[in-house]
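J.: give me the fold of what follows.
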Amino acid sequence: MSGQGCRYGQLICLLTIGLFASGCTAERLPKEETSAQQQFAARMEGIASDNRQSQLSPLMASAQRLAPFANTDAKPDIKVKGVYATAWAAVGGRFERLVELIEQTDLNAMVIDVKTDSGQVTFPADTAMVKEIGSASHSMIADLAGKVEELHRRNIYTIARLVVFKDPYLAERKPEWAMRTKTGKLWRDPKGTAWVDPFREEVWRYNQEIAAAAASAGFDEIQFDYIRFPENGKRVDEEVAFPASNGRSKADAVQQFLHESRTKLAPYRVKVSADVFGMTASSDNDMGIGQLWAKMAPELDIICPMVYPSHYADGAFGIAHPDLQPYRVIQRALGDALAKNEALRKQSPAAEPAAIRPWLQSFTAVWLKPHLTYGNVEIQEQIKAAREIGIEEFLIWNSGSNYSYR
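T.: Numbers count the residues shown, from 1 in each chain. As a prediction, the model looks like this:
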């Protein structure tokens with residue numbers, strides 16, 4: 001565990017000693033002194049609570065938030081319903097508007113970028129590799145721990161989103177860790193973006209250090225995104241050399257990264273999740289990008305298929321224009337995900353696969369002809385479709401963090 005984690009443990013011990021010395025356990029605290037964590041649990045269960053942060057000292061408040069997790073292996077299970085916030089949306093007036101949206105609806109969670117798809121680390125992560133690379137030199141969130149603490153005080157579950165293998169910043173500064181052509185040049189995707197090599201374990205260490213720093217800041221969950229190889233796998237394989245593969249498949253590399261990352265994050269008692277293509281739930285192969293449900297789901301607490309109707313080709317699931325039929329697309333896509341998990345349970349009855357928490361569409365795909373304008377009605381259709389087949393959790397995606405959800 002990091003030094004920060006050790007300090008948290010000492011803080012919990014101090015609280016425990018103090019409570020026993022006073023002859024009062026946390027469960028016996030009077031109502032007006034209900035801890036922030038008890039309020040958090042109440043909101044997560046959907047129970048209205050007028051109690052807000054008590055007038056405890058900062059030391060006591062921090063200890064009480066952490067104490068409930070001292071003797072557990074992970075954060076409490078809740079039905080997460082959240083929105084995505086860019087790092088810029090997590091500061092200033094936009095942040096307050098997002099918090100108000102959560103507090104005024106049935107939402108209870110916020111996903112915040114801690115590392116973007118440009119490779120920028122959005123907070124001053126105090127790790128050797130980040131300092132060497134310089135990826136946090138222009139961080140937007142100056143006090144990440146304080147930001148997380150504020151969200152916890154307001155009973156909001158916190159998720160750190162960390163983009164992994166789409167990292168042009170790291171690829172440019174450590175070209176030996178990047179995907180390279182068979183002639184030795186830096187490989188770039190059709191948009192000119194360089195990627196790091198998912199087989200390179202140095203890349204794993206770098207991202208695991210950032211994940212640990214985010215966990216130390218107090219996040220409830222670490223969520224890995226772009227946990228894959230670039231699209232159009234056949235072309236990539238023709239152009240790119242993978243000297244670090246050592247006989248492993250792409251799906252093996254993704255699985256091993258997740259397995260090792262979850263193990264290394266265990267001391268922080270955070271949930272571990274990963275975003276996957278929506279088609280990962282329906283495909284019987286890794287689609288050339290290394291995302292194979294059967295290999296990923298057992299390594300995660302939560303798996304998050306991005307089942308945006310606009311991202312399915314015309315004719316998918318027998319639907320002429322999927323973007324126009326959000327309810328039908330969600331039911332079909334998540335039905336496939338449930339079937340994948342059921343198959344895993346039959347193969348390994350003792351091993352429970354990851355819970356399914358989909359990303360839902362909260363944007364209008366204006367590039368499609370025809371397309372549907374997505375507002376609150378269309379979001380609610382997606383939520384209803386998921387709920388009717390037993391999936392209650394969801395995350396809502398808008399790249400600019402602008403939401404019409406009500």
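J.: quick one, helices of the chain?
T.: 3-21, 36-44, 58-66, 92-104, 128-133, 144-153, 168-173, 201-216, 233-239, 250-265, 293-296, 326-347, 376-388 (DSSP state H).
J.: can you list the ones you listed in TSV and add mean pLDDT, distance to residue 86 and mean neighbour count?
T.: No exception for glycine: its C-beta is placed from N, CA and C like everyone else's. Listed next are the helices of the chain as TSV, based on pLDDT from 0 to 100; distance: least, Cβ to Cβ, whole Å; neighbours: other Cβ atoms under 10 Å:
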stretch	mean pLDDT	distance to residue 86	mean neighbour count
helix 3-21	35	25	14
helix 36-44	42	24	19
helix 58-66	34	25	19
helix 92-104	96	9	15
helix 128-133	96	20	15
helix 144-153	98	13	19
helix 168-173	98	17	20
helix 201-216	98	15	22
helix 233-239	97	28	14
helix 250-265	98	23	20
helix 293-296	98	25	21
helix 326-347	98	24	19
helix 376-388	98	19	18
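J.: for residue 195, which of those helices is the nearest?
T.: Across the helices of the chain, residue 195 has its closest neighbour in helix 168-173 (6.2 Å, Cβ to Cβ).
J.: who does that closest one touch, helix- and strand-wise?
T.: Applying 3 or more Cβ pairs under 8 Å, 6 or more residues apart in numbering; DSSP states H and E, one finds that helix 168-173 makes contact with helix 128-133.
J.: enumerate every residue touching residue 242.
T.: With contact taken as Cβ atoms under 8 Å, 6 or more residues apart in numbering, residue 242 is in contact with 179, 197, 199.
J.: try 7 Å this time
T.: By Cβ atoms under 7 Å, 6 or more residues apart in numbering, the contact set of residue 242 is 197, 199.
J.: care to break the protein down by domain?
T.: 1-71, 78-397 (automatic domain parsing).
J.: and the ones you listed as CSV, adding distance to residue 405?
T.: Converted to CSV, the domains of the chain look like this (distance: least, Cβ to Cβ, whole Å):
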stretch, distance to residue 405
domain 1-71, 17
domain 78-397, 6
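J.: figure out which of those is closest to residue 406.
T.: Nearest to residue 406, of the domains of the chain and by Cβ to Cβ, is domain 78-397 at 5.0 Å.
J.: what is the end-to-end distance of that closest one?
T.: Taking Cα to Cα, to the nearest Å, domain 78-397 runs 20 Å from one end to the other.
J.: ok, now how distant is residue 161 from residue 252?
T.: 24 Å (Cβ to Cβ, to the nearest Å).
J.: and for residue 143, the neighbour number?
T.: With neighbours defined by other Cβ atoms under 10 Å, the count for residue 143 comes to 13.
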